[in-house]
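Visitor: A predicted structure for the sequence below; I have some questions about it.
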Amino acid sequence: MRIIIGKDYDDMSRKAANIISAMVILKPDAVLGLATGTSPLGLYKQLIKWYEKKDIDFSAVRSVNLDEYVGLSKTHVQSYFHFMHEMFFNHINIALENCHLPNGMASDIDAECRRYDTLISSLGGIDLQLLGIGQNGHIGFNEPEENFEQMTHLAHLTQSTITANSRLFDDISDVPTTALSMGIKAIMQAKMIVLVASGKNKAQIIKQSFFGAVTPKVPASILQMHNNVILVVDEDAAGDLR
Ligand code: F6R
């Protein structure tokens, strides 16, 4: 594992964006596994800037997102489909038909999960998977105590994740309680993983995940077993590592 420490959120975002940019330059049709949330927002903004300066070309890139809430339509402002289009896809030259997310409105959830796994394999697997991390160590919506063997599946959000995500909804009762998520097994099959985290509230879980026991109680701890992980954090999130 490599650890890259940025001064602050912007510096962390630039460093992570550089890694993604290098991937796209080296492999113009790379399959990028993408995440939503606050952590990757800055790096998406940076990539958009470099695209506008004609430094990066996304025209052949394919993308697969980690997760999507169950029951939110694509037009719902809190759906991950909406987030990705608003925050990234609509501002670069990626072909929208090459941008994939699980469909949280599918009537047959099991079939949708299998479709998503088959799609990822048919693209040749994920070249670079971007991850954030929850304060309880979740990656995607793989919550503590789920097993490490799952591919895409229906995930039940824990109360702490519902509470954390409620900041983006009018009321906590509006936060969906289930989501479709790539499983740990699917994430571990990515050829490279870049996990971004910032802020003091992530310091403890970063230490526990990368320097503690590998256990389903801390889902991100499994990343210690991956042979190509880059942790990009700001000084606050790295605070407990020294
Ligand atoms: C988002 C996702 C989640 C977030 C995590 C951290 O697609 O899968 O695991 O990465 O909840 O969220 P932020 O970055 O908002 O702290």
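Guide: That came through, no problem.
Visitor: what's the burial count for F211?
Guide: 12 (other C-beta atoms under 10 Å). Yep, even glycine has a C-beta here, placed from its N, CA and C like the rest.
Visitor: report pLDDT for it.
Guide: You'll see F211 listed with a pLDDT of 97.
Visitor: likewise the one 5 residues further on?
Guide: Confidence at P216, expressed as pLDDT, is 96.
Visitor: and what of E145?
Guide: 87.
Visitor: distance of the residue lying closest to it once chain neighbours are set aside relative to L168?
Guide: Residue nearest to E145 in three dimensions, not counting chain neighbours: P216, with 5.6 Å by C-beta to C-beta, 6 or more residues apart in numbering. According to C-beta to C-beta, to the nearest Å, P216 stands 27 Å off from L168.
Visitor: so those two - more neighbours on which side?
Guide: Using other C-beta under 10 Å as the criterion, P216 and L168 rank with P216 on top: 17 against 13.
Visitor: now stretch 163-178, how far from the centre of its chain.
Guide: Distance, stretch centre to chain centre, for stretch 163-178: 19 Å (C-alpha atoms, centre = their mean, to the nearest Å).
Visitor: is the helix or strand in which N18 is found up against the ligand anywhere?
Guide: Assigned by DSSP states H and E, N18 falls within helix 9-26. No: using C-beta under 6 Å from any ligand atom, helix 9-26 stays clear of the ligand, with a minimum separation of 10.8 Å.
Visitor: what's the average pLDDT for that helix?
Guide: Mean pLDDT, helix 9-26: 98.
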